[in-house]
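[1] pasting the sequence and the predicted model now:
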Amino acid sequence: MYLRRLALSLVLASSLSAGAVGNAAEPEPEKPLQTGPEKTDDAYILQGWTANILGIGGEGKTQLIVNGEEGYTSTATIDGAATVKTHPATFELPDKDHRIVLKVVDARGAEWSETVDVPKGMKVTVEIKARYEHRGFEGTIKNDTLTCRVKAQRRYLKFEVYQNGNMVGAPILLEPGKSAHGVRLKPGTYDLKVFEKVRGDYRLLKSAVLEPKEAQWRHEEKCQ
């Protein structure tokens with residue numbers, strides 16, 4: 001009797017073990033790491049593209065060459081099929097005349113496209129470059145004299161920014177403790193003139209140098 005119970009227990013255990021294996025969830029495939037899109041620097045604004053197209057003898061080859069800056073990609077649609085390459089990109093073509101739709105994308109995502117003819121036996125080179133203008137870095141100018149111990153130093157101030165003798169933007173009037181945010185200046189060197197309000201008029205208090213080199217730059221006029 002004992003041996004029959006032991007055999008039955010072993011058979012039952014074996015059946016339960018097999019069922020557990022059969023019902024176990026299969027592991028999910030490993031997911032690739034996802035990298036979010038890079039933020040575009042809004043300090044730059046696209047002005048346009050410069051493209052020079054030059055064709056010379058291909059010495060028995062028919063080629064399209066696209067030269068751009070680092071980070072550019074070229075998509076050439078040849079006989080209905082699109083091929084993507086990074087720069088510098090060389091497209092080896094069948095030995096015949098071609099009319100190719102070429103699209104270039106720069107590192108900031110700006111696009112340029114054109115139809116390029118490549119005659120049989122010719123090497124056509126496209127020199128391409130995106131032109132950008134720096135809009136400037138946004139920063140803050142603050143009249144930080146509200147907490148001055150000497151009451152006379154809690155001044156109403158006017159700020160004027162100059163470059164090469166010309167005023168940039170409009171004067172900035174600030175009460176003690178107030179700030180002007182979003183002051184946008186292009187990279188460079190500027191003369192900052194600070195005026196204090198005296199009897200309803202402003203007189204020059206001091207001059208300083210501004211050299212904005214990154215976003216969120218700050219200039220704070222403190223107690224003397």
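    Ah, there it is.
[2] show me what contacts the nearest residue to Gln224 once chain neighbours are set aside?
    Leaving aside its sequence neighbours, Gln224 sits nearest to Gln153 (Cβ to Cβ, 6 or more residues apart in numbering; 6.0 Å). No exception for glycine: its C-beta is placed from N, CA and C like everyone else's. Gln153 is in contact with Thr145, Cys223, Gln224, counting by Cβ atoms under 8 Å, 6 or more residues apart in numbering.
[3] please redo it, this time with the cut-off set to 10 Å
    Thr145, Leu146, Thr147, Pro176, Glu196, Lys222, Cys223, Gln224 (Cβ atoms under 10 Å, 6 or more residues apart in numbering).
[4] just name the closest of those to Ala208, please.
    Proximity of these to Ala208 (Cβ to Cβ) peaks at Lys222, which lies at 11.7 Å.
[5] hang on, the closest one packs against Lys142?
    Yes - at 9.0 Å, Lys222 and Lys142 qualify as touching, with contact defined as Cβ atoms under 10 Å.
[6] of those two, who's got more company?
    Shown here are Lys222 and Lys142; by other Cβ atoms under 10 Å, Lys142 has more neighbours (19 against 11).
[7] ok, that one to Val194 distance?
    Counting by Cβ to Cβ, to the nearest Å, the gap from Lys142 to Val194 is 12 Å.
[8] overlap in contacts of those two?
    By Cβ under 10 Å, 6+ apart, the residues touching both Lys142 and Val194 are Leu157, Phe159, His219, Glu221.
[9] of all the residues you listed, which two lie farthest apart?
    Leu157 and His219 (11.3 Å).
[10] I'd like the mean pLDDT over stretch 158-173, please.
    Averaging pLDDT along stretch 158-173 gives 95.
[11] residues contacting that stretch, please?
    For stretch 158-173, the external contacting residues (Cβ under 10 Å, 6+ apart) are 136, 141-143, 156-157, 174, 178-180, 183-186, 188-197, 202-205, 207-208, 210, 219, 221.
[12] what's the ChimeraX line that selects buried ones from those residues?
    Applying 16 or more other Cβ atoms under 10 Å to those, the buried members can be selected in ChimeraX as follows:
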select :136,141,142,143,156,157,174,178,183,185,190,191,192,193,194,195,196,202,205,210,219,221
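[13] first-to-last residue distance for stretch 72-82?
    With Cα to Cα, to the nearest Å as the measure, stretch 72-82 spans 16 Å from end to end.
[14] I should have written stretch 57-72 there, sorry.
    Terminal residues of stretch 57-72 are spaced 26 Å apart (Cα to Cα).
[15] now stretch 83-93
    11 Å.
[16] could you do stretch 168-179 as well?
    Using Cα to Cα, one end of stretch 168-179 lies 18 Å from the other.
[17] could you list the domains of the chain?
    For the chain, automatic domain parsing gives the domain ranges 44-134, 137-221.
[18] how many residues are close by Gly165?
    A count of neighbours around Gly165, defined by other Cβ under 10 Å, yields 6.
[19] next up, phi/psi of it, please.
    Phi and psi for Gly165, reported as degrees, to the nearest 10, are phi 80, psi 0.
[20] tell me how far it lies from Leu185.
    From Gly165 over to Leu185 the distance is 16 Å, taken as Cβ to Cβ.
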